[in-house]
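J.: below: sequence and its predicted model.
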Amino acid sequence: MPYVSQEQREQLAVLGTRPQTVGELNYVLTGVIRTWLSGDGHPLSYTRINEVMGVLACISQEVYRRVAVPYEERKMKENGDVFNVGGDR
C-alpha cells in the first residue's frame, strides 16, 4: 500500500460525503479511475489499463490482508472453526 503524507491525504480527500451503498462506492471509484485514465493527456493504452488493473489488485489484497483476515480470525474464535477437518485445528 503506498502510504502518502497527511498533507497529501487531506488534498486528496475531495469527496464531500462518503458513499452509502455498494453501488455508490462502485460509482465513485469508477469515476476516479475514469478521470485518472483520461485526465493527464496520455492516450488510453494497454499499459494504462494494466496499471489500473494492478492498482485494483493491490487494493483488493490490502483490504483482504488488513480488514478481512483480522475479521475472519475474530469470528473464528467467537464461533468456532468451520474447517476443523482431520483434527488439524
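T.: Structure's in. What do you need?
J.: for the residue nearest to the spatial centre of the chain, helix, strand, or coil?
T.: Centroid-nearest residue in the chain, with CA atoms, centre = their mean: I59, separated by 3.6 Å. The three-state label given to I59 by DSSP: H, G, I helix; E, B strand; the rest coil is helix.
J.: who touches L25 in this structure?
T.: Listed by CB atoms under 8 Å, 6 or more residues apart in numbering, the contact partners of L25 are P19. In short, each C-beta sits where N, CA and C put it, glycine included.
J.: tell me the secondary structure at it.
T.: helix.
J.: begin at 270 from here
T.: All set: I'll call the first residue 270, so the last point we hit is now L294.
J.: ok, now how distant is it from G349?
T.: Applying CB to CB, to the nearest Å, one obtains 32 Å for the distance of L294 from G349.
J.: ok, back up a step: give me the pLDDT value at the residue nearest to the centre of the chain.
T.: You'll see I328 listed with a pLDDT of 95.
J.: how near is it to E341?
T.: Using CB to CB, one obtains 18 Å as the distance from I328 to E341.
J.: all helices of the protein, in order?
T.: Listed from the start of the chain, the chain has helices (DSSP state H) covering 275-281, 291-307, 315-332, 338-348.
J.: which one of the ones you listed has the lowest average pLDDT?
T.: Set side by side, the helices of the chain give their lowest mean pLDDT on helix 275-281, at a mean of 73.
J.: ok, residues contacting it?
T.: The contact list for helix 275-281 (CB under 8 Å, 6+ apart) reads V273.
J.: give me the distance from it to the chain's centre.
T.: Helix 275-281 has its C-alpha centroid displaced from the chain centroid by 18 Å (CA atoms, centre = their mean, to the nearest Å).
J.: what does stretch 290-304 give?
T.: If you compare the mean C-alpha spot of stretch 290-304 with that of the full chain, they lie 12 Å apart, counting by CA atoms, centre = their mean.
J.: can you get me a residue count around L306?
T.: L306 has 16 neighbouring residues, counting by other CB atoms under 10 Å.
J.: which ones are touching it?
T.: If a contact means CB under 8 Å, 6+ apart, then L306 has L313, R317, I318, V321 as its contacts.
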